[in-house]
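>>> Okay, structure incoming, though there's no sequence with it:
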């Protein structure tokens, strides 16, 4: 299906189990759909129009509840006001299974939900979701209750599909608030990121957005993961003015509040802030060894986003305050980290510190330093079990970052166990090397 709302149109649409503007419902919890996801596609184009849309378990603008359709939503200019119950205001419906792409350019958008997501995937949906916002003013409020909360922009509670979020140059104002509270032992969704107990992976890129304000629902991050989420989260901030506040906790059974930027409380997987983590590593070397310290860098797989972003963050600081004598790829591999470090230390005997873009290479560097009988300051990245053990054994260094509600969490809980904060931006053990 192809739905087009032309310039200067005024539309008021109301849906129920099917979308107000988009695809219809294909079932319910008792009679779920049997068709393969993404066999059919719905494309929605709204250009320079005044649109008001509301719905129930479906998206107001997007796919119906239990829909298997792939959905593309293109909103250019105009004024959009969308609201719904348990799906998303703009995106996929409750328990939808198809892929969803949401592309908003230069629009004035308000998207709110009672339990679902403002902009993104509906509750319990399983399809992959891509959200790309450039230009305009966007207000997105996820909904929730004492048990579950969804993201303002991102994933619905209990969703399993991966979510990709990009806020680009030209976005004037983005205000996103996750829904939900912990009054009944549940938790909230992130302002921008994943919903409560979402299982899909989430990546977030904020690139030059003028002003972004994000507040997490109860125990969720402002920007990052929702309470109890089980997928990995990657956050990269390359520009803009960012204000992020994590949600608190209203119930003693929820052990941890959410970070401003980073992990929600009770998360079960990693939150990685690549660029920030690289900057933290360089800043820590400066703080401990001083400006002008000769350093080396072990790079990851050439062209990989983690290599590029962690290296970018490191060089943001290192190129100004440190002396980088050598950098070479070791492909995120421990044995290559050993070999490359041996060669670097032999060719550059003045090296005092090594930044490795992951823990495996850092562990290789530790072996190389021991073999050369050198005292080298070594920093890794990721918070793997072996990396954490190296910190505790005294082979690598660690530092805590203060301010659970402003930057990164220092300590979080997994179940009832409090975990120590170690290594850059890991959700279970957050903070540097």
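Sure thing, it's come through. Because the structure is predicted, anything quoted here is derived from the model rather than measured.

>>> Point out where the stretch 151-300 of the chain drops to low pLDDT.
By pLDDT under 70, the low-scoring segments of the stretch 151-300 of the chain are 171, 181-186, 209-210, 248-259, 262-263, 265-272.

>>> Give me the distance between residue 43 and residue 72.
5 Å (C-beta to C-beta, to the nearest Å). For glycine as for every other residue, the C-beta is placed from the backbone atoms N, C-alpha and C.

>>> for residue 187, same thing?
Applying C-beta to C-beta, the value for residue 187 to residue 72 is 31 Å.

>>> of those two, who's got more company?
The residue with more neighbours, out of residue 187 and residue 72, is residue 187; 39 against 17, by other C-beta atoms under 10 Å.

>>> and the residue lying closest to that one once chain neighbours are set aside, how many residues sit next to it?
Of all residues not flanking residue 187 in the chain, residue 227 sits nearest, at 2.5 Å (C-beta to C-beta, 6 or more residues apart in numbering). Per other C-beta under 10 Å, the neighbour tally for residue 227 reads 39.

>>> I believe residue 227 is in a helix; please confirm or correct that.
No. With DSSP: H, G, I helix; E, B strand; the rest coil as the criterion, residue 227 is coil rather than part of a helix.

>>> So it sits against residue 198, correct?
No. Taking contacts as C-beta atoms under 8 Å, residue 227 lies outside contact range of residue 198: 9.5 Å.

>>> So which residues of the stretch 201-350 of the chain form strands?
Assigned by DSSP state E, counting those that start in this stretch, the strands in the stretch 201-350 of the chain fall at 202-206, 209-215, 223-224, 233-237, 240-245, 261-262, 271-273, 294-299, 323-329.

>>> and stretch 70-79, how far out from the chain's middle?
Centroid separation between stretch 70-79 and its chain, computed with C-alpha atoms, centre = their mean, to the nearest Å, is 23 Å.

>>> Okay, buried residues for that stretch please.
Across stretch 70-79, burial judged by 16 or more other C-beta atoms under 10 Å covers 70-73, 75-79.

>>> and which of the residues you listed is nearest residue 361?
Among these, residue 70 lies closest to residue 361 (C-beta to C-beta), at 39.1 Å.

>>> Do you know the pLDDT at the closest one?
Predicted confidence (pLDDT) at residue 70: the value is 96.

>>> Give the bridge partners for it, please.
Judged by DSSP bridges, the bridge partners of residue 70 are residue 41.

>>> how near is residue 80 to residue 108?
Taking C-beta to C-beta, one finds residue 80 at 7 Å from residue 108.

>>> what's the answer for residue 316, then?
34 Å.

>>> cool, residue 286 as well?
Relative to residue 108, and taking C-beta to C-beta, residue 286 is found at 44 Å.

>>> out of these two, which sits in the more crowded spot?
residue 286 (19 against 16).

>>> In space, what's closest to the more buried one - neighbours in sequence excluded?
Distance criterion C-beta to C-beta, 6+ apart; nearest residue to residue 286, sequence neighbours excluded, is residue 321 at 4.9 Å.

>>> shouldn't that neighbour be in contact with residue 282?
Yes. Between residue 321 and residue 282 there is a contact at 7.0 Å, judged by C-beta under 8 Å.
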